[in-house]
Structures are given as C-alpha cells and as structure tokens.
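Peer 1: Show me the folded form of this:
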Amino acid sequence: MNPDGFLRDVRGEPEALGRVLDAYGRDRGPPAALGHEPLRGRRVVLIGMGSSRFAALTCAAGLRGRGIPAVAEYASTATPTPPHPDVMAVGISASGKTPETVEALGRHRGISRTVAVTNVPDGPLGAVVDVVLPLFAGEEEGGIACRTYQTTLAVLHLLGGVDAGRLSAAATAQERLLTGSATWAPELLDTLDGAHTVYAIAPAERLSSALQSALVLREGPRIPAAASETGDWLHVDVYLTKRPGYRALLFPGSRFDGEVMRWAAERACTIVPLGRSVERAKSCVPFDGAGDPLVASLVEVSVAELVAGLWWQRRVRTGVMP
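Peer 2: Residues are numbered from 1 along each chain as shown. Sure thing, here's the model as predicted:
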C-alpha cells in the first residue's frame, strides 16, 4: 500500500463512476442478464466483508424503503439466511476471491438466485453464481478499496432499480469537489490532525459513509477512527465529547443532526459537516447535490479518503510511519 497511489485512485473515482454508469445505462448492459424486474417477489440478501458489506448496508436500507425485503449480511456469520428459491443472494467482493463470500454464495448455489458484484468477473466468486455484475473500477494502485467501494455502491443502487441517469450528477459533483480540494483539504486535515481518534457520524440510511471513512483513516495513515449512526450517537458516543479534543466528521441528513450539534456546541467539540452545513457548525465541506441522498452516498466519502491520503503522506514524510 502507498499514499501516492491511493491519492491517484481517489482522484480517479469520478472517471471510474462514469464508466459504470455508461456500461449500466445501456439497454443490453450487465443487468440485462437478470431479466425484467429481477427483484420482484424476492428477498434480497447482500453478502460481503469490509467495504463490500458497508456498501451493502446503504443499499439494503434503500431497498427496504421501496418495499423490497433486503438485508446486508456478514459473509462470516454462523447464522446466515438459508437458501431458498425466493431469495436473491448477492455476493460482493472487489477481488472476486474473498473466501468467506465465496463460501457463503456456494451455500446458495442451485437454490437461490445468485449474483456476484466484483471487479474480477472471472475470479472464484464469479464461478459460483448465476450472473456477474462487474465494477469496471480498474486496478487500485494504493492497495485500499476506494474506487471499488464507490462503484460497488453504484452497481448495487442500479441493481435496486435506480436509473443510471439519476446517479450521473454524482460524478460531476465529485469531480468538482476533488478539483477544488486545495480550498478545503489542508484546513480539514489540520483540524483533524492531533486527534486521538477521529469519529464519523452518519444517518442509518447512509451508515456506510461513516464506516468507510473510518476504515480508510485506519487503513491508510493508521489513525484510530470509529463510526456511529447519528441517532444512536446520542446514546452511545455523546459521552466521549467530555474528553478534550473530540473531532468528528458529520454526514448530514438525519433528523438528529441538530441535537448532535447542540452537544458539540455545549462541550466545545469540533464536528465538521460534509456536503452541507448544519446549525451551529463553524465550518463545512460543501459539494453539489449534497441534498440528494443517492448523490451524497457516492460523493461524501471522497472527502475522508482524500484527507486520509494527505495525512498518510504527511506521516510518511515526517517519519511517523515507515
């Protein structure tokens, strides 16, 4: 893994997302193999580990909101959803060879409808499923899932019936955000640098954004980081704000944002909203289309990813990391 390659990967996300939308927007694109209304009458089980499972959480929430029974499941669980003809089991693995996911899909083979979402269509996962949905993310130089995370999220949105045209605004918004990063990234990095732990807070329907942001901070610059759901934060993490130096990223959209910021103001904490400002916030990192949850889900994590890459470079340069 290396920070320079990781930053190139992050900056290449809008292009990778564009490739996915081009491929899946065609009449005979990859989803055509699933037939018309492939989720109709089915229970959807999204199976993965790490970033793959994070993306599944957001998409499962979106499916449930549209009346489709859906869950995101650890591939490693000892109590999996049983195979059944009315189940669509979707295995998610960027590498196409995550052992737990390959094993989990193997249990469904021949009984459930099985689908692989992967960047390596001819890998072991593709060999145990009915249909493969490729990610078109290209190789990730930095060794950390970022482009594959975003394209996984996009493919799952599309599998769930979201029109590719609706997601195109995300690529444009992300390109502008990253192109203009000199106006916000150094200040945000300085704000977070020195924190014992960086926290990421997101609404349940976009919890993957907080989880992925915390992961790239741990995986790249090796910064302790943790994620919370916004409403649950008031029950499980608010206590940490009594500790001096509390720092957090907030992904707005929850009806509990105001209460989180009230506590932050009372205890002089630093919580920075991403996408759009919220009441009592002293600063934010804005981007176009942040009010659309679908656009936000595809764009907002790149803020944390870019900062993680720059922080990683700084720690290597200063000898904190080898």
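
Peer 1: and the end-to-end length of stretch 255-271?
Peer 2: For stretch 255-271, the separation between the terminal residues is 16 Å (CA to CA, to the nearest Å).

Peer 1: buried ones in that stretch?
Peer 2: Residues of stretch 255-271 classed as buried by neighbour count (16 or more other CB atoms under 10 Å): Phe256, Asp257, Val260, Met261, Trp263, Ala264, Cys269, Thr270, Ile271. (Glycine included, C-beta is placed from N, CA and C.)

Peer 1: Narrow these to those in strands?
Peer 2: Thr270, Ile271 (DSSP state E).

Peer 1: Can you pick out the most distant pair from the buried residues of stretch 255-271?
Peer 2: The span of those, defined through CB to CB, is set by Phe256 and Thr270 at 18.4 Å.

Peer 1: Tabulate the buried residues of stretch 255-271 (JSON lines), appending pLDDT and distance to Ala214.
Peer 2: JSON lines is the format used below for those (pLDDT from 0 to 100; distance: CB to CB, whole Å):
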{"residue": "Phe256", "pLDDT": "98", "distance to Ala214": "19"}
{"residue": "Asp257", "pLDDT": "97", "distance to Ala214": "18"}
{"residue": "Val260", "pLDDT": "97", "distance to Ala214": "16"}
{"residue": "Met261", "pLDDT": "96", "distance to Ala214": "20"}
{"residue": "Trp263", "pLDDT": "96", "distance to Ala214": "20"}
{"residue": "Ala264", "pLDDT": "95", "distance to Ala214": "18"}
{"residue": "Cys269", "pLDDT": "94", "distance to Ala214": "17"}
{"residue": "Thr270", "pLDDT": "95", "distance to Ala214": "16"}
{"residue": "Ile271", "pLDDT": "96", "distance to Ala214": "15"}
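
Peer 1: can you give me the strands in the stretch 51-200 of the chain?
Peer 2: Under the criterion DSSP state E, counting those that start in this stretch, the stretch 51-200 of the chain carries strands at the ranges 70-74, 87-92, 113-118, 131-134, 198-202.

Peer 1: quick one, which of the ones you listed is nearest to Ala16?
Peer 2: Nearest of these (CB to CB): strand 131-134, 11.8 Å.

Peer 1: Can you give the contact residues for the closest one?
Peer 2: 23, 30-31, 33-34, 114-119, 121, 126, 155, 159 (CB atoms under 8 Å, 6 or more residues apart in numbering).

Peer 1: which one in these is the model shakiest on?
Peer 2: Scanning those for pLDDT, the smallest score is found at Pro31, 81.

Peer 1: List the contacts of it.
Peer 2: By CB under 8 Å, 6+ apart, Pro31 lies in contact with Tyr24, Pro38, Leu133, Leu158, Leu159.

Peer 1: Model confidence for the nearest residue to Trp311 once chain neighbours are set aside, exactly?
Peer 2: In this structure, Trp311 finds its nearest non-sequential neighbour in Pro221, 4.2 Å apart by CB to CB, 6 or more residues apart in numbering. With respect to pLDDT, Pro221 scores 96.

Peer 1: can you check Ala164 too?
Peer 2: Value listed for Ala164 in the pLDDT field: 87.

Peer 1: quick revisit: tell me how far the residue nearest to Trp311 lies from Leu211.
Peer 2: Distance check for Pro221 against Leu211: by CB to CB, to the nearest Å, it reads 17 Å.

Peer 1: That'll do, ta.
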